[in-house]
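1. next one to model:
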Amino acid sequence: MNPAGAQLTTAGALRVGVVAGEHSGDQLGAALIAALRERVPQLTCFGVAGPKMIAAGCESWAAAEELAVMGLSEVLGHLPRLLRLRAHLRARFRAARPDVFIGIDAPEFNLRLARQLKQAGIPTVQYVSPQVWAWRQGRVRTIGAADYGVGGLAPAIYDISSISNSDLATVIPIAIAVIGILLALVMRSLVAPLYLILSVGLSYLAALGLSVLLFVEIAGDGGLVFFLPFLMFIFLLALGEDYNILVMSRIREEAQRRPLKDAVSHALTATGTTVTSAGLVLGGTFAVFAIVGAQQGSTQFRDVGAGLALGVLMDTFLVRTLLVPSTVVLLGRWNWWPSAMSRPGAGPPDTPGDAPGDAEPLSVPARD
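-> Okay, here's the model as predicted:
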């Protein structure tokens with residue numbers, strides 16, 4: 001919030017430029033105009049307004065319904081019109097020179113317009129602070145909270161989100177190091193833990209990216225709940241490495257008595273039912289949480305449930321049953337380096353002809 005907003009309490013005439021988005025913005029704007037007129041009777045208001053704001057005495061340059069677009073596809077369809085409208089309003093506000101510009105809701109439209117008007121020397125206020133979640137923390141700096149101080153839900157969540165991200169940056173290296181050491185001890189290898197931890201990271205990033213695509217880009221939400229990245233990382237790391245130990249320990253056991261490709265096949269047959277069943281149960285449980293949260297209107301509950309469900313299902317059916325076994329087969333005996341199983345000839349041969357006992361006997365010419 002700009003400190004120039006203090007001008008709203010001064011006596012005398014006051015000229016206010018305003019842009020309100022959607023029906024809710026129209027309601028808030030009408031109430032704001034009524035409250036301002038009680039303190040400043042000589043109030044002049046103009047800009048983007050809805051029916052209630054017009055009834056309260058605001059001159060309408062454009063209808064608030066023109067900003068009522070949500071979701072990526074709808075925004076893209078109306079993008080040329082919205083850009084033209086913003087350029088038109090920017091020119092009119094610069095020409096009219098209001099005492100203050102007030103953006104009501106519609107942060108994607110208003111914050112950029114307010115920044116441009118502020119550069120032209122017009123004081124600006126964002127009446128409704130936008131949501132500040134995991135992917136939209138830059139909004140706090142955009143509305144000036146970092147410079148002037150803002151109270152309320154948005155800056156409080158920003159502080160909590162900053163602490164959560166800081167903790168995540170600390171926890172990730174420690175958790176990876178501890179899990180890597182445990183995997184190295186169990187696998188007796190320095191190679192296998194590297195790609196096993198990398199597989200968990202890919203599963204985590206894929207699930208997080210898919211959550212952003214579904215809820216932010218397609219559904220049009222302002223962002224994901226700020227603690228979701230931290231929660232997803234901890235849960236998927238623990239679950240993924242649990243599955244890793246179950247599958248890889250069985251592969252190592254089978255590789256001691258049969259060729260590696262056969263060992264992988266037998267290990268997946270033995271552990272596949274357990275991993276798949278557990279993944280389906282967990283994924284289904286979190287999916288139910290997401291559905292219930294969506295029905296109750298709780299986006300936080302929905303985001304957490306859907307994000308964890310996506311992560312569990314991808315980890316179960318793509319990473320643990322496809323990506324990891326394929327990597328094991330491609331690396332061959334190097335999976336077990338530097339243990340004895342990584343040395344040439346240490347394990348069962350991949351082809352019968354490679355075994356010493358399977359070699360064809362040498363033919364010796366008969367003597368006369």
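
2. CA only for contacts and neighbour counts going forward, please
-> Fine.

3. what about the helices in this protein?
-> 22-39, 51-55, 72-96, 107-119, 138-142, 145-148, 153-187, 192-212, 228-255, 260-295, 299-314, 324-331 (DSSP state H).

4. can you give me the buried ones in the last one?
-> Same thing as helix 324-331. Val324, Pro325, Val328, Val329 (16 or more other CA atoms under 10 Å).

5. quick check: the second one touching Ala263?
-> If I follow you right, that is Pro325. No. Using CA atoms under 8 Å as the test, Pro325 is too far from Ala263 to be in contact (10.1 Å).

6. can you list residues touching both of these two?
-> Listed as contacting both Pro325 and Ala263 by CA atoms under 8 Å, 6 or more residues apart in numbering is no residue at all.

7. how is this structure partitioned into domains?
-> 3-128, 156-341 (automatic domain parsing).

8. make JSON lines from those domains and add mean pLDDT to it.
-> Output for those, formatted as JSON lines (pLDDT from 0 to 100):
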{"stretch": "domain 3-128", "mean pLDDT": "83"}
{"stretch": "domain 156-341", "mean pLDDT": "83"}
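
9. okay, now the closest residue to Met187 other than its chain neighbours: neighbour count?
-> Spatial nearest neighbour of Met187, excluding adjacent residues (CA to CA, 6 or more residues apart in numbering): Ser249 at 6.8 Å. Neighbourhood size, Ser249 [other CA atoms under 10 Å]: 16.

10. same question for Gly307.
-> Around Gly307 there are 28 other residues, counting by other CA under 10 Å.

11. please apply the same query to Leu83.
-> Number of residues near Leu83 (other CA under 10 Å) recorded here: 12.

12. so what's Asn335 up against?
-> Counting by CA under 8 Å, 6+ apart, Asn335 touches Ser189, Val191, Ala192, Val328, Ser342.

13. same check on Arg94?
-> Leu117, Ala120, Ile122.

14. can you tell me which of those is closest to Arg81?
-> The shortest approach to Arg81 among the contacts of Arg94 belongs to Leu117, at 19.8 Å (CA to CA).

15. I'd guessed Pro193 sits against Gly180; true?
-> Yes. Pro193 is in contact with Gly180 according to CA under 8 Å; the separation is 5.6 Å.

16. when those two are compared, which one has more neighbours?
-> More crowded of Pro193 and Gly180, by other CA under 10 Å: Pro193, with 25 against 19.

17. returning to what we had before: out of the helices of the chain, nearest to Gly220?
-> helix 72-96 (6.2 Å).

18. for the closest one, what is the distance to the chain centroid?
-> 28 Å (CA atoms, centre = their mean, to the nearest Å).

19. next: stretch 94-112.
-> Counting by CA atoms, centre = their mean, stretch 94-112 comes out at 29 Å from the chain centroid.

20. one step back: where's the residue nearest to Met187 relative to Trp336, distance?
-> 11 Å (CA to CA, to the nearest Å).

21. shared neighbours of those two, anything?
-> With CA under 8 Å, 6+ apart, Ser249 and Trp336 have common neighbours Met187.

22. how about the contacts made by Val264?
-> Val264 touches Ile251, Glu254, Ala255, Pro325, Val328, Val329, counting by CA under 8 Å, 6+ apart.

23. neighbours around the residue nearest to Phe109 when sequence neighbours are not counted, how many?
-> Leaving out its chain neighbours, the residue that sits closest to Phe109 by CA to CA, 6+ apart is Arg86, at 7.6 Å. By other CA under 10 Å, 15 other residues sit near Arg86.

24. surely Arg86 and Leu113 touch.
-> Yes. Between Arg86 and Leu113 there is a contact under CA under 8 Å: 6.9 Å.

25. show me what contacts Ala120?
-> Ala120 touches Arg94, counting by CA under 8 Å, 6+ apart.

26. for Gly103, see how far away it is.
-> Separation of Ala120 from Gly103 (CA to CA): 16 Å.

27. and for Val178?
-> 49 Å.

28. the more surrounded of these two?
-> Taking other CA under 10 Å, Val178 and Gly103 do not tie; Gly103 has more neighbours (27 against 11).

29. verify the stated contact: the more buried one with Asp26.
-> No. Assessed by CA under 8 Å, Gly103 is found out of contact with Asp26, at 11.3 Å.
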